[in-house]
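*Asks:* structure, please.
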Amino acid sequence: MTQDEVRRYVEQAVRDALGQRLGPSSGNLVPLNISARHLHISQEHLDILFGPGAQLTKLRDLLQPGEFAANETVSVVGANRRVFEQVRILGPVRKATQVELSYTDGRYLGINLPARVSGDIAGTHPVVLVGPRGALHLPQGLIRALRHIHIGEDDAAQLGLRNGQMVSVRTTGPLAITLHEVLIRMGKNARREMHIDTDEANAAGLGAGAVGEILRS
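*Replies:* Next up, the predicted model:
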């Protein structure tokens, strides 16, 4: 195992432990999970990139129930032919394929990425994916994920939050900032967790174990 892999495992363990502690009794606090570039994939596209009948294999579980980081990775080719290699797939498979990058990632690839809710890919930029068994040109699917909070229904009710609501979240530390327009994504079995990208995390000086405070409007 490389040093980078060890670091990722340690950071994930810290985030998971923190997320399991934060429940309905944790007031307005929310663990902040930093999402590096990744993609979600359909079975059809998985077959093209990795061969017919391909299945995602689990590298590690993510905090949200049933979700995991897969061992499988692909290359993402930008409009200017620059490439991000080893972009990790998150499972399980979905109905549609989408690639989630940061604003800085988009600039590197020569693309002005729109901020979208996960799954809202209509009219977004095309992208080329390259896997070990094939390549794929998607007419759309490249986005910058809108920052959001996953939260369970009971937990949200105790905080007076509703699905689709926009809130603000204040980070902690010497570079503390307040992030506005944070989408509430409520689910029956969801665990309280906020997803931000690497640009947002770097701006606030955040690392593993970071926590924010949900500000009531």
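
*Asks:* chain center to stretch 35-52: distance?
*Replies:* Distance of stretch 35-52 from the chain centroid (CA atoms, centre = their mean, to the nearest Å) equals 15 Å.

*Asks:* please read the previous query as pertaining to stretch 187-196.
*Replies:* 11 Å.

*Asks:* span of that stretch from start to end?
*Replies:* 18 Å (CA to CA, to the nearest Å).

*Asks:* for the residue nearest the centre of the chain, give its distance to Met186.
*Replies:* Central residue of the chain (CA atoms, centre = their mean): Ser35, 4.4 Å from the mean position. Relative to Met186, Ser35 is positioned 19 Å away (CB to CB, to the nearest Å). (Each C-beta comes from the backbone N, C-alpha and C, glycine too.)

*Asks:* swap in Pro114?
*Replies:* For Pro114, the distance to Met186 - CB to CB - is 24 Å.

*Asks:* between the two, which has more neighbouring residues?
*Replies:* Met186 (19 against 15; other CB atoms under 10 Å).

*Asks:* show me what contacts that one?
*Replies:* 151-153, 156, 161-163 (CB atoms under 8 Å, 6 or more residues apart in numbering).

*Asks:* and for this protein, the residue most distant from the center?
*Replies:* What lies farthest from the middle of the chain is Pro52; by CA atoms, centre = their mean that is 26.8 Å.

*Asks:* is that one in a helix, a strand, or coil?
*Replies:* Secondary structure, DSSP: H, G, I helix; E, B strand; the rest coil: Pro52 is coil.

*Asks:* quick check, pLDDT for it.
*Replies:* You'll see Pro52 listed with a pLDDT of 97.

*Asks:* per-residue pLDDT of Val128, please?
*Replies:* So, for Val128, pLDDT stands at 97.

*Asks:* could you find the closest non-adjacent residue to it?
*Replies:* Distances taken as CB to CB, 6 or more residues apart in numbering place Val77 nearest to Val128, at 4.0 Å, with adjacent residues excluded.

*Asks:* okay, and the beta partners of the one you found?
*Replies:* Val83, Val128 (DSSP bridges).

*Asks:* and it, what's its pLDDT?
*Replies:* In this model, Val77 carries a pLDDT of 96.

*Asks:* tell me how far it lies from Ile34.
*Replies:* 24 Å.

*Asks:* find the least confident helix or strand in the protein, judged by mean pLDDT.
*Replies:* helix 3-21 (a mean of 47; mean pLDDT, DSSP states H and E).

*Asks:* which outside residues touch the helix or strand that that helix is followed by?
*Replies:* For helix 3-21, the following helix or strand on the C-terminal side (DSSP states H and E) is strand 29-35. Strand 29-35 has contacts (CB under 8 Å, 6+ apart) with 15, 18-19, 22, 63, 100, 145, 149, 151, 169, 171, 192-198, 201, 206-207, 209-214.

*Asks:* narrow these to those in strands?
*Replies:* Among those, the members falling in strands (DSSP state E) are 100, 145, 149, 151, 169, 171, 193-197, 211-214.

*Asks:* from those, which single one is nearest Leu138?
*Replies:* Lowest distance from Leu138 to the ones in strands among the contacts of strand 29-35 (CB to CB) belongs to Glu100, with 13.4 Å.
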